[in-house]
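Participant: Need coordinates for the following:
(chains A and B)
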Protein chains: 2
Amino acid sequence: MSKLVIVGTVAFDAIETPFGKTDKILGGAATFIGLAASQFNVDGAIISIVGGDFPKEYIQLLEDKGMNVEGLEIVEDGKTFFWSGKYHNDMNTRDTLITELNVLEHFNPVIPEAYKNTEVLMLGNLHPLVQQAVIDQIPTRPKLVVLDTMNFWMDNALDDLLKVIAKVDVVTINDEEARQLTGEYSLVMAANKIREMGPEYVVIKKGENGALLFHKEEVFFAPALPLKEVFDPTGAGDSFAGGFTGYLAKTRDYSYKNIKNAVIYGSVLASFCVEKFGTERLLNVSRKEIQQRLLQFKSLTQFDIKIN
Amino acid sequence: MSKLVIVGTVAFDAIETPFGKTDKILGGAATFIGLAASQFNVDGAIISIVGGDFPKEYIQLLEDKGMNVEGLEIVEDGKTFFWSGKYHNDMNTRDTLITELNVLEHFNPVIPEAYKNTEVLMLGNLHPLVQQAVIDQIPTRPKLVVLDTMNFWMDNALDDLLKVIAKVDVVTINDEEARQLTGEYSLVMAANKIREMGPEYVVIKKGENGALLFHKEEVFFAPALPLKEVFDPTGAGDSFAGGFTGYLAKTRDYSYKNIKNAVIYGSVLASFCVEKFGTERLLNVSRKEIQQRLLQFKSLTQFDIKIN
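Facilitator: Model (predicted):
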């Protein structure tokens, strides 16, 4: 079993969609990434921070999925990071109602000794200096380093972000953020510019319009599965990252061909995530359901034209 | 060679994009459809109407591509339909600056005797009563009838539109129009409702986000090719329809499997259309370029995951 280190938030979310609303429930990038990656039986570790208000059952739940939580710091007299958002009717846009950083303001990630030789490192969306601090703790470079980020860091810590981007193999980013980061409207041009910053691979996430993988002159596309209803998009991008890195840590094949497969598995895990509030669906999805959905992705995209 | 009858506008367009602007150039749905379909060596006929101001060279150009123009009525003292539009910077939205219906206001389509036994009928975007009048002239039902429409007819002639939709095999429509027609936000739900109106197949066009094909419980997706720059989106949807119907008229196989292939060929032709102003690229694209682009679509979408 190869190792996967996941750095990111573990949080409370309160979500409102046209289908209903939740109280504070389990959320956070590292949570979604870890739950999605756990489908691949990897030896995963979550590096994050929570407050004393964070239920022990939630931590147990991550452990039950095979996640090592030695690197999950608990600040007993602190409060857990809290995000609240409301989705518009189209489910593609949302307003952030509340962001309470709480313990996240003073997060010094520490990788447990046993995971410093990790094969895959997934840097979830966090301050680029925190992402950098994690890279700095690993003596031998992992086989694959994946970084997710967002527009907030482009606005507030661009120099730090560019420094850490230069050190990773894969950047995952959404379409508007790719445009903001590069000043290019065309996603092909934007991906080229991001590759010039360092990463060999760029994944541009387009929500319900799928994801594009760029590598050298190649481009690969994975659609999002068309669903009768999208219940709650929260965590879809992180579930994608979890399926992506989990599959790669399991197969240990970092060729372009296999990274294409990882994009498909990322899309499969994301397609489950959005079916229920928060982590509910990821917690209950079965191996058989994942294989069935993979067949759906095949019939969605595969064709057979003879070229004369 | 099997027959393909194309009904739609033949027009002047004046286009402004961030890349430049044109004077009045050759445009119209039937023009784009015919030029795209002509790549498949079908016996095509264009049914439309123009004014005395329409250059004979343009008509010659359609004939040179193998299109029969007996059904292209010329009203010597009338003026050709004229549309002018300006694209925003994102190229996904546009403002219509001018619409002069001119001779189109009194268009009575007449199918030439030799084409009344057509195998494929493509009803381009026009008043649904005009589309209906074409169907009524064909004594034996074609193997495949495809209808394209737009929101204008939903607002102004919904009953007529629903009547003609009930008589066709395939509806092509864009995502916002599918939502408007059905009141469903989910495209899966919208396509189900349109299929309940009669058509066995529904193609939902999403512009730069590709096209979805719905049939029974199946769904197939063709991405748009990610391009470094989209020069002029005018006619992309019609080029899609031309590639789609041209390929089917050539192969004469109306199975779901082959209709998926037709969606890919539609996307291939649309990807060329947007590279230059108006019809310029379609007029010059070669068979070899089409085969090369088909290979690009394959590498864009095809993957090989072994499922245990």
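Participant: Only C-alpha atoms from now on, for both contacts and neighbour counts.
Facilitator: Fine.
Participant: so who does the residue in the stretch 1-150 of chain A that chain B sits nearest to touch?
Facilitator: Among all residues of the stretch 1-150 of chain A, residue A:90 sits closest to chain B, at 7.2 Å; criterion: Cα to the nearest Cα. Contacts for residue A:90 (Cα atoms under 8 Å, 6 or more residues apart in numbering or on different chains) come out as residue B:185.
Participant: Excluding chain neighbours, what is closest to residue A:93?
Facilitator: Sequence neighbours aside, residue A:87 is the residue nearest to residue A:93 in space, at 6.0 Å (criterion: Cα to Cα, 6 or more residues apart in numbering or on different chains).
Participant: Who does the one you found form a beta bridge with?
Facilitator: Legend: beta-bridge partners of residue A:87 under DSSP bridges are residue A:94.
Participant: For it, grab the count of nearby residues.
Facilitator: As a burial measure, residue A:87 scores 19 neighbours (other Cα atoms under 10 Å in any protein chain shown).
Participant: Run through the residues that contact it.
Facilitator: A:15-18, A:93-95.
Participant: same deal with residue A:184?
Facilitator: A:178, A:190 are the contacts of residue A:184 under Cα under 8 Å, 6+ apart.
Participant: Helices of chain A, start to end?
Facilitator: A:29-37, A:56-64, A:128-136, A:151-156, A:158-165, A:175-182, A:187-196, A:236-251, A:256-273, A:280-284, A:287-301 (DSSP state H).
Participant: Contact residues of the stretch 151-300 of chain A facing chain B?
Facilitator: Residues of the stretch 151-300 of chain A lying near chain B by Cα under 8 Å from any Cα of the partner chain: A:185-189, A:209, A:219-223, A:226-229, A:257, A:260-261, A:291, A:299-300.
Participant: Could you turn the buried ones of those into a ChimeraX selection?
Facilitator: If you want just the buried ones from these in ChimeraX, going by 16 or more other Cα atoms under 10 Å in any protein chain shown, the selection is:
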select /A:185,186,187,188,189,209,219,220,221,222,223,226,227,229,260,261,300
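Participant: hang on, the earlier thing: so of the helices of chain A, which one's packed in deepest?
Facilitator: Neighbour counts (mean count of other Cα atoms under 10 Å in any protein chain shown) averaged over each of those peak at helix A:29-37, with a mean of 30.
Participant: What is it packed up against?
Facilitator: Packing partners of helix A:29-37 (3 or more Cα pairs under 8 Å, 6 or more residues apart in numbering or on different chains; DSSP states H and E): strand A:3-7, strand A:43-51, helix A:56-64, helix A:236-251, helix A:280-284.
Participant: Centre of the chain to that helix, how far?
Facilitator: 7 Å (Cα atoms, centre = their mean, to the nearest Å).
Participant: Show the contacting residues for residue A:122.
Facilitator: Counted by Cα under 8 Å, 6+ apart, residue A:122 has contacts A:4-7, A:145-147, A:241, A:245.
Participant: which of those residues lies closest to residue B:175?
Facilitator: residue A:241 (27.9 Å; Cα to Cα).
Participant: Just the pLDDT for the closest one.
Facilitator: Listed pLDDT for residue A:241 reads 98.
Participant: Pretty sure it sits against residue A:33.
Facilitator: Yes. The criterion here is Cα atoms under 8 Å, and residue A:241 meets it with residue A:33 at 6.0 Å.
Participant: Tell me how far residue A:126 lies from residue B:113.
Facilitator: The gap separating residue A:126 from residue B:113 is 69 Å, by Cα to Cα, to the nearest Å.
Participant: correction: residue A:109
Facilitator: Where residue B:113 is concerned, residue A:109 sits at a distance of 78 Å (Cα to Cα).
Participant: for residue A:257, same thing?
Facilitator: Distance from residue A:257 to residue B:113, by Cα to Cα: 54 Å.
Participant: Next: residue A:216.
Facilitator: Taken as Cα to Cα, the span from residue A:216 to residue B:113 is 54 Å.
Participant: What residues does the residue lying closest to residue A:200 once chain neighbours are set aside make contact with?
Facilitator: In space, and not counting its chain neighbours, residue A:200 is closest to residue A:169: 5.3 Å by Cα to Cα, 6+ apart. By Cα under 8 Å, 6+ apart, residue A:169 lies in contact with A:144-146, A:198-201.
Participant: same check, this time on residue A:111
Facilitator: Contacts of residue A:111 (Cα under 8 Å, 6+ apart): A:47, A:71, A:134, A:137.
Participant: Those also near chain B: which ones?
Facilitator: Within the contacts of residue A:111, nothing lies near chain B by Cα under 8 Å from any Cα.
Participant: got TSV for those, with pLDDT too?
Facilitator: Shown next, in TSV, are the contacts of residue A:111 (pLDDT from 0 to 100):
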residue	pLDDT
A:47	98
A:71	98
A:134	98
A:137	97
